[in-house]
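Participant: based on what follows, work out the 3D shape:
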Amino acid sequence: MALLPEKIYMVTQPYEFTVMVPAKTILVVSFTSSGLSTSLDNLQSDTSKEFTLPLAISTASEMLFCTQINNNNVSTFTSEVINPVLHTSEYAKLKQMIEEIDAVIANKISGGANYSITINNKTLVSESLNSLETMRERYVKRANALWAKMNGFNVSGNGRPFKSITVFKPNTWRTR
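Facilitator: Numbering: from 1, shown residues only. The predicted structure follows:
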């Protein structure tokens, strides 16, 4: 039985999460990005004990690898810590960059003169339409992946189970 939920949503930074550790149990919580670990030791007690697990992450999400040891039995599970504020601020920033690229594309299509604009510390000076569309496509893919993650969909396929479809056409080569 997992002692931590599958997903933990941080509402403050740092976040203090309460964990009820059963009697005769040690819970080791390891942060996968930093490698730091915390042990919640209730091995000597005959009753369940409440521990406070401090969570402080600088990314939008962090995976925790947890090991539960009791009565010489070892089980492992994972839990994901999610900071929704970082997800939404990154998503808003991506939307703004896409809108700025759209404005540049519209100006380019309407025959605008030479231009210079700075987006995300990159200065675009008379970029080709193809280059602008490729850049926009990259930001749209990242925004869609982030949106899928925020809404609990599969990030790799944006919630779609099919990655590709193969269509078999009838043989057009006829024997003579």
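Participant: going forward, measure contacts and count neighbours with C-alpha atoms only.
Facilitator: OK.
Participant: secondary structure element for the residue nearest to residue 18 when sequence neighbours are not counted, which one?
Facilitator: Leaving aside its chain neighbours, residue 18 sits nearest to residue 52 (4.6 Å; criterion: Cα to Cα, 6 or more residues apart in numbering). Using DSSP states H and E, residue 52 sits in strand 49-55.
Participant: rewinding a little: thinking the residue nearest to residue 18 is in contact with residue 4, fair?
Facilitator: No. The criterion here is Cα atoms under 8 Å, and residue 52 misses it with residue 4 at 12.0 Å.
Participant: overlap in contacts, the two.
Facilitator: Jointly contacting residue 52 and residue 4 under the rule Cα atoms under 8 Å, 6 or more residues apart in numbering are residue 19.
Participant: buried sites along whichever strand or helix holds residue 135?
Facilitator: Applying DSSP H and E as the criterion places residue 135 in helix 129-150. If you call a residue buried by 16 or more other Cα atoms under 10 Å, then helix 129-150 has these buried ones: 132, 136, 139-140, 142-149.
Participant: quickly run through the sheet partners of whichever helix or strand comes after the strand holding residue 52, with directions.
Facilitator: The helix or strand immediately downstream of strand 49-55 is strand 61-70, counting by DSSP H and E. Sheet pairing for strand 61-70, assigned by DSSP bridges, gives strand 25-31 (antiparallel), strand 73-82 (antiparallel).
Participant: ok now the strand holding residue 52, how far from the chain's centre?
Facilitator: Remark: strand 49-55 is offset 25 Å from the chain centroid, using Cα atoms, centre = their mean, to the nearest Å.
Participant: give the other helices and strands that that strand contacts.
Facilitator: On a contact count with 3 or more Cα pairs under 8 Å, 6 or more residues apart in numbering; DSSP states H and E, strand 49-55 meets strand 15-21.
Participant: how big is the angle separating the strand it packs on from strand 49-55?
Facilitator: Relative orientation of strand 15-21 versus strand 49-55 (axes from the mean of the first three to the mean of the last three Cα atoms, to 10 degrees): 150 degrees.
Participant: okay, how far is it across stretch 48-59, tip to tip?
Facilitator: One end of stretch 48-59 to the other measures 32 Å (Cα to Cα, to the nearest Å).
Participant: which SS class is residue 11?
Facilitator: With DSSP: H, G, I helix; E, B strand; the rest coil as the basis, residue 11 sits in coil.
Participant: quick one: low-confidence ranges for the protein?
Facilitator: Along the chain, segments meeting pLDDT under 70 span 1, 112-116, 124-125, 154-176.
Participant: what's the longest helix in it?
Facilitator: Across the chain, the helix with the greatest residue count (assigned by DSSP state H) is helix 84-109.
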